[in-house]
Structures are given as C-alpha cells and as structure tokens.
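> Pasted the sequence and its predicted model underneath.
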Amino acid sequence: MGILRKVGAALTAAAVVGVGALTATVTAEAAPQVAGSAQRSATAPAPVGKPPTATSAKKPAASAITKYRLDRRCMTKGRVLCINKKTRKLVYVVNGKPTQVMDVRFGSSRTPTRNGVFRVYRKSKNHVSSLYGSKMPYAMFFSGGQAVHYSSDFRARGYNGASHGCVNVRDKKKIAWVFSRVKVGDKVVVYSK
C-alpha cells in the first residue's frame, strides 16, 4: 500500500508540474515581448503593444493615437511609415495598429526633412548615397533623395548629429524587419506634433 501511495503521489506531482509547465509556456507565448527581452527572436524585433483584450480591443485606434502621438493620416488600411519629428519616433502602422516603434533623427536646418504625405517609390537594401558617399542600408525613398534608412552614425553619435534630410534609424534589426515588410507604394507620413 505504501508503494501505491508513493506512485500515486509521484503521478499527481508530475501532472501538476506538467500543467504548470504548460501554463507557463502558454503564458510566455501570449505575453507581449518588450525590446531587449530575453525572449525576443534574433531574427525579428519584438512587436510593440499588448495583445488585444476585451477592453482594449474596442478602441485601439484612439489609444494608439494618444500613446504614440500618431497623426490621423496614419490610421488607415494598409502599411504606413508614421514619422513624428517632435517625438523623434517612427511607428510602423499596419491597418491602423502600431506594430513597430523606433528612434529616428532628421535633417539639419540647412537640409530639413520634408513634412507631408508621401509614398515609398523605391527600396534599396544596400544603397550608397551618390551625393555624399555615405552608406544608407535598408533605404526606403519617399521624397526626392530623402529616405528612411539605417544610420551607423546615428547609432554611434545619437542626436549629436543630423542627416542631409533623410530619416535616420539607429536600430538596424528593427529597420531590417520593417524593410522586409514595406512595399513600394506604401504610405509615409512625416509631421511635427
């Protein structure tokens, strides 16, 4: 009888541990990933925001507009590079929902980044500027020679520098992730508010 009790106790403990492990796995998979999280995939940066809940699913657009100071022109169907000069953030919005956020910097007073609504008209993964000879990886051109692209200078010097009018991104993994999803013709909104 003592052996049966021990076996029964071991099976009960294994079942509880198994359920606990399953719950932990499901919880970990469902939990939102935060930038810098140990759970983040090496190939794709963590998406922003929380999974929709019963209360947050009712008004995602209004809360996203407030949280990221998104321009209403960003809240449309399709993919939008929503770029706020005041907050110095680029928010990649898909069908009205923010999916990625990154730090950006802009042109100097001599070479300002233009405000307005544009379309991505060209993409170049390993672009080099013909005017300045500088590398512009993951370039997405939206207005003349102005593009959204990764900047090693921004990564190294931060906001102590400026671009020649482009929208510089300091996180190479994030811009690579966005570059792989953006299509020629996608909307770009640049504004200050």
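Yep, it's here.

> Can you tell me the element Lys173 falls in?
Following DSSP states H and E, one finds Lys173 within helix 172-179.

> how about that helix: buried residues?
Residues of helix 172-179 classed as buried by neighbour count (16 or more other C-beta atoms under 10 Å): 173-179. (Glycine included, C-beta is placed from N, CA and C.)

> Next, format these as CSV and append pLDDT and distance to Ala64.
Conversion of these to CSV gives the following (pLDDT from 0 to 100; distance: C-beta to C-beta, whole Å):
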residue, pLDDT, distance to Ala64
Lys173, 98, 23
Lys174, 98, 18
Ile175, 98, 21
Ala176, 98, 23
Trp177, 98, 19
Val178, 98, 17
Phe179, 98, 22
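
> any chance of those in JSON lines, with distance to Phe154 too?
Output for the buried residues of helix 172-179, formatted as JSON lines (distance: C-beta to C-beta, whole Å):
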{"residue": "Lys173", "distance to Phe154": "14"}
{"residue": "Lys174", "distance to Phe154": "12"}
{"residue": "Ile175", "distance to Phe154": "11"}
{"residue": "Ala176", "distance to Phe154": "15"}
{"residue": "Trp177", "distance to Phe154": "17"}
{"residue": "Val178", "distance to Phe154": "15"}
{"residue": "Phe179", "distance to Phe154": "16"}
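
> tell me the contacts of Val169?
Taking C-beta atoms under 8 Å, 6 or more residues apart in numbering, we find Val169 in contact with 90, 102-104, 138, 148-151, 154, 175.

> could you flag which of these are buried?
90, 102-104, 138, 148-151, 154, 175.

> Setting the sequence-adjacent residues aside, check what's closest to Gln146.
Gly165 (4.7 Å; C-beta to C-beta, 6 or more residues apart in numbering).

> Would you agree the one you found is in contact with Pro112?
Yes - Gly165 is within contact range of Pro112, at 6.5 Å (criterion: C-beta atoms under 8 Å).

> neighbour-wise, which of the two wins?
Gly165 (18 against 15; other C-beta atoms under 10 Å).

> Leu81 pairs with what?
In this structure, Leu81 bridges to Tyr92, Val188 when assessed by DSSP bridges.

> Would you check how far apart it and Arg157 are?
23 Å (C-beta to C-beta, to the nearest Å).

> Have a look at the two and say which one is more surrounded.
Set Leu81 next to Arg157 and count neighbours by other C-beta under 10 Å: Leu81 wins out with 24 against 13.

> The more buried one contacts Lys183, correct?
No - judged on C-beta under 8 Å, Leu81 makes no contact with Lys183 at a distance of 11.3 Å.

> residues shared between the contacts of these two?
Common contacts of Leu81 and Lys183 (C-beta under 8 Å, 6+ apart): Val120.
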